[in-house]
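>>> I would like to see how this sequence folds:
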Amino acid sequence: MQTLTDVYQTRKNNLLLLIKHSPSRQDFAELIGSGYNNLNQYLGQKKPKQIGSKYAEKITSSLKLPHGWLDVPHDESTVKVIMKSFSTTSADVINQENQKNDDATTSFHKSNLLKIIPLENILKISKGEDLEVTEYLEETKNIYAPSGITNPIAYLLRGTGYSKPYRNGYTIICEFSGSPTSGEEVLIFTKDEKVFAGEFLYEQDILISIESIDGEKINILKDNIARLSPIKAFLSPSL
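Numbers count the residues shown, from 1 in each chain. Next up, the predicted model:
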């Protein structure tokens, strides 16, 4: 069982990883709405300020992460994905500049409605096998995500045995962390590194219930859930 000292150290370790995959410490401070000097108080080598519950919640809420996320150790690949979803691609910058220089036109362009995100994760999804997420080892592909998704992440589906939309070659775009509504498709990542997919049914005090893609009703304890990722779009291989 973690002591309070252990929790403080875990929070600091996670914070350092988040900053490591940010453009700069200043950028990260702005992202979470914290003053640069205030952030530095928690990172000093000698007598750093302890990251209390209030500041931890400020970080997780700014990054749209679950409550208590900072209190549990996370691997660097997970943190990398989180922070990459907040980075602005050069294409975004170009589109913004083009929009500024094109005030005379009233037509809508794809760049106005969509944002570019990298497709660099595979969700292995085959009948009779556990779902698994792996890093996309082929050349990273950029895709357009629908507007309105604050923190999108994409997964390429690889596997056999399922019909549309969970079919080999399709891409799903999720809110990295969010609260699904009844009837919405969702990915559930547990603290013991399992992945579940299916239709969100309901939430109770201690559990969340889904109808899995195998057609089974599954109840998952909230205490074992690391992240809920509501699925916002399915893209066919031709898109």
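>>> okay, and N38 sits in which element?
Secondary structure from DSSP states H and E places N38 in helix 36-40.
>>> which neighbouring elements make contact with that helix?
If you count contacts as 3 or more Cβ pairs under 8 Å, 6 or more residues apart in numbering; DSSP states H and E, helix 36-40 packs onto helix 25-31. For glycine as for every other residue, the C-beta is placed from the backbone atoms N, C-alpha and C.
>>> next, the buried residues of the helix it packs on.
F28, A29, L31 (16 or more other Cβ atoms under 10 Å).
>>> still on that earlier bit, with just CA atoms, put the helix holding N38 into CSV.
Written as CSV, here are the backbone C-alpha positions of helix 36-40 (Å, rounded to 0.1, in the frame of the first residue of the first chain):
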residue,chain,number,x,y,z
TYR,A,36,5.9,29.0,-14.8
ASN,A,37,7.4,29.8,-11.4
ASN,A,38,4.7,28.0,-9.6
LEU,A,39,5.3,24.9,-11.6
ASN,A,40,9.0,25.0,-10.9
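>>> can you give me the buried ones in it?
L39.
>>> now swap in stretch 169-176 and tell me
In stretch 169-176, counting by 16+ other Cβ under 10 Å, buried: Y170, T171, I172, I173, C174, E175, F176.
>>> then stretch 150-162?
N151, P152, I153, A154, Y155, L156, L157, R158, G159, Y162.
>>> cool, stretch 64-77 as well?
For stretch 64-77, by 16+ other Cβ under 10 Å, it's K64, L65, P66, W69, L70, D71, H74.
>>> separation between the fifth one and S34?
Here the criterion is Cβ to Cβ, to the nearest Å. By it, L70 lies 14 Å from S34.
>>> avg pLDDT for the helix ranked longest in the chain?
Using DSSP state H to define each element, the chain has its longest helix at helix 4-20. With pLDDT averaged residue by residue, helix 4-20 scores 88.
>>> Y170 is in contact with L157, isn't it?
Yes - between Y170 and L157 there is a contact under Cβ atoms under 8 Å: 4.8 Å.
>>> CA-only coordinates of the longest helix of the chain, as CSV, when you get a sec.
Extracted in CSV, the C-alpha atoms of helix 4-20 (Å, rounded to 0.1, in the frame of the first residue of the first chain):
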residue,chain,number,x,y,z
LEU,A,4,1.6,9.6,1.3
THR,A,5,5.3,10.0,0.6
ASP,A,6,5.1,7.4,-2.2
VAL,A,7,2.1,9.2,-3.7
TYR,A,8,3.9,12.5,-3.8
GLN,A,9,6.9,10.9,-5.5
THR,A,10,4.6,9.1,-8.0
ARG,A,11,2.9,12.4,-8.8
LYS,A,12,6.2,14.1,-9.4
ASN,A,13,7.5,11.3,-11.6
ASN,A,14,4.4,11.4,-13.8
LEU,A,15,4.6,15.2,-13.9
LEU,A,16,8.2,15.0,-15.1
LEU,A,17,7.2,12.6,-17.8
LEU,A,18,4.4,14.9,-19.0
ILE,A,19,6.8,17.8,-19.2
LYS,A,20,9.4,15.7,-21.0
